[in-house]
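K.L.:
I need the structure of the sequence given here:
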Amino acid sequence: MTRIENPDASPPQVREAMAALAADPEEFDKYLADVQRRILGLTAALTALAQAAQIELRGTYVKGDRFYHARARALPVERQLKALVNSLNNAAAAAEKVAFQRRRHDEKVAALPGLRSAKALEKANKRRPSQALPVNRTAEQVPPPAKSGYSDEPRSIFDLGDRRSA
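P.N.:
Alright, predicted model coming up:
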């Protein structure tokens, strides 16, 4: 797998490595799985940090505090940590979705020549219908329409169409 070990690598090197990843579907999937694994690891660590911070911050009392003051001071920090964890979860889900979309793209590209040839054949048959499908010209071969059980007479005034009622 192509991995950028040095985060301070020059942009052309990064672009070349990413171009190589984008060109190979298997490497693309492996890289995204690695990114997702790292993001989920960060999420687990930050969740543990959020729980420890909640315990620590809510346990910090200052002389003269009422019962809710410590919790009120801790809430902004807890909210931001929760938002960070949710953002990382969304990023992990997006990485997985990108991998699925890439696979779907590759399947569509692989099926495209067959679809185009079928469409071209269908279009050619539309231009020459007499050659493509034989037409029955004799009346004996065409079966009569089946009796549907409905009469041609109107059953209510709403079935009259453009005719007038009594």
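K.L.:
and what about residue 67, helix, strand or coil?
P.N.:
When classified by DSSP: H, G, I helix; E, B strand; the rest coil, residue 67 comes out as coil.
K.L.:
for this protein, which segments count as helices?
P.N.:
In the chain, the helices defined using DSSP state H lie at 11-23, 25-58, 69-127, 129-132.
K.L.:
how about those helices in CSV, adding mean neighbour count?
P.N.:
Bear in mind the C-beta positions are built from the backbone N, C-alpha and C, glycine included. Shown next, in CSV, are those (neighbours: other C-beta atoms under 10 Å):
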stretch, mean neighbour count
helix 11-23, 12
helix 25-58, 15
helix 69-127, 12
helix 129-132, 9
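K.L.:
okay, which residue is most central for this protein?
P.N.:
residue 97 (6.1 Å; C-alpha atoms, centre = their mean).
K.L.:
residues contacting that residue?
P.N.:
Not one residue lies near residue 97 by C-beta atoms under 8 Å, 6 or more residues apart in numbering.
K.L.:
now swap in residue 32 and tell me
P.N.:
So residue 32 contacts 95, 96, 98, 99, 102 (C-beta under 8 Å, 6+ apart).
K.L.:
separation between the closest residue to the first one other than its chain neighbours and residue 62?
P.N.:
Closest residue to residue 95 in three dimensions, ignoring its sequence neighbours and counting by C-beta to C-beta, 6 or more residues apart in numbering: residue 36, at 4.3 Å. Separation of residue 36 from residue 62 (C-beta to C-beta, to the nearest Å): 42 Å.
K.L.:
same check on residue 49?
P.N.:
Residue 49 is 23 Å from residue 62, by C-beta to C-beta.
K.L.:
just residue 73 next, same as before
P.N.:
Per C-beta to C-beta, residue 73 is found 9 Å from residue 62.
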